[in-house]
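generate coordinates for the sequence data below:
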Amino acid sequence: MPAKAYRSARLGVTLFIGACLTAVAGCSSLDSASNRLASVVTPYRVDVVQGNFVSREQVEALAPGMSRQQVRDILGTPLVTSLFHAERWEYVFTIKRPGEDIQTRKLTVFFQGDLLQRFEGDPMPSETEFVATLGSRSTKGKVPVLEATDAQLARFPAPERAARTPAAVPAQPVTTTSYPPLEAPAR
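Take a look at the predicted model:
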């Protein structure tokens, strides 16, 4: 092989290897960029709520001697009823939030015939406490203040229509539109 052809082939191989190394380096930088983007953009994870929420106020409204219908009116339809345990109703509530343990609350209501005999279960939160836990999600970013001072508002002129009073608004003429009948006339 002549020396010139050998140098040309060697240069071609060197350029090919260089191009391959550049492509591999580009892939790794693309991979790191996609990893950074994936760490910033996270999917929405929904809270999974199952069962009947029973509040402390509902449990306090129960009294021995109530009928099954009265208990159902206060607590709602039970989540679990059994043919083998017809004298017992189970109210179970679970909530699964991303990154947290599953919270489960259970209330069992016992009947004798058609009347409430007793009930037992976990301590239940009040409705106010439960609603407060629903809104207590941690936010990653700082929440901006959504108030404007009078000085900030003064920078923007008030719209013209806000200055007009309802009496100053000219009355719009009432127009009537005639539509054809929906049904053909009877013959």
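
need the contact list for the closest residue to G121 other than its chain neighbours.
Nearest non-adjacent residue to G121, counting by Cβ to Cβ, 6 or more residues apart in numbering: L107, 3.5 Å away. (C-beta placed from N, C-alpha, C; glycine too.) Listed by Cβ atoms under 8 Å, 6 or more residues apart in numbering, the contact set of L107 reads V54, V59, L75, E90, Y91, F119, E120, G121, D122, M124.

if you set the cut-off to 7 Å instead, what comes out?
Contact analysis of L107 by Cβ atoms under 7 Å, 6 or more residues apart in numbering lists V54, V59, Y91, F119, G121.

how about the helices in the chain?
3-40, 56-61, 68-75, 127-134, 150-154, 160-163 (DSSP state H).

return the set of buried residues in stretch 67-80.
Neighbour counts over stretch 67-80 (16 or more other Cβ atoms under 10 Å) mark V71, I74, L75, P78, L79 as buried.

can these go into JSON lines with extra columns for pLDDT?
Formatted as JSON lines, the buried residues of stretch 67-80 follow (pLDDT from 0 to 100):
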{"residue": "V71", "pLDDT": "93"}
{"residue": "I74", "pLDDT": "93"}
{"residue": "L75", "pLDDT": "92"}
{"residue": "P78", "pLDDT": "86"}
{"residue": "L79", "pLDDT": "79"}
